[in-house]
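In: Have a look at this prediction, sequence included:
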Amino acid sequence: MALTLAGTAALLPGCLAEPVACPAIGHVAGISLTVAVDYADDVASLRLKACQDGICTEKDLLLNPGATAVDQGCTPDGVCSATSSPDGTLQGFLELPALSESFLEATATGTSPSGAALPARTVTFTPKGDYPYGEQCGRMISAALILDEEGLRQH
């Protein structure tokens, strides 16, 4: 009996869940905005206003050239790489004090390269929540928009 108990006790640690490490990555609450490639030449500046749960935040966006990852393949020993290549889009980000999964209204305004006002575009949407690193690492909420000639929409 003692041998059975000792053998069982030795196997128990193998039945317990191993702790899973979560990445030490900070998450900034906000809205990322992409100006589509076919509209990027028409945009010189953008201002984004976002309202959620009675709190509004408005700011001129710093627009940076967008890029896409280009796979460069893997070596026979399993080392893989990629490079970044401009894709013709513009990227901006509006930091918010908080972001939840309740409705959010966003309005983009701006100017063209000639200084003319761009049409104001508004969208109401629900930010998306996900567990990109597993449920043990917590839920992350993100909000992403695309602006093109047709208007503003959730990405």
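Out: Thanks, I have the structure now.

In: which stretches of the chain form strands?
Out: 30-35, 45-52, 55-60, 64-74, 80-95, 104-111, 121-125, 128-130, 140-148, 151-154 (DSSP state E).

In: Please work out which of the ones you listed is packed deepest.
Out: strand 30-35 (a mean of 22; mean count of other C-beta atoms under 10 Å). Quick note: C-beta positions are derived from backbone N, CA and C, even for glycine.

In: and that one, what does it pack onto?
Out: Applying 3 or more C-beta pairs under 8 Å, 6 or more residues apart in numbering; DSSP states H and E, one finds that strand 30-35 makes contact with strand 45-52, strand 80-95, strand 104-111, strand 140-148.

In: Reformat those strands as TSV; add distance to residue 118 and mean pLDDT.
Out: Below are the helices and strands packed on strand 30-35 laid out as TSV (distance: least, C-beta to C-beta, whole Å; pLDDT from 0 to 100):
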stretch	distance to residue 118	mean pLDDT
strand 45-52	8	97
strand 80-95	13	94
strand 104-111	4	97
strand 140-148	9	94
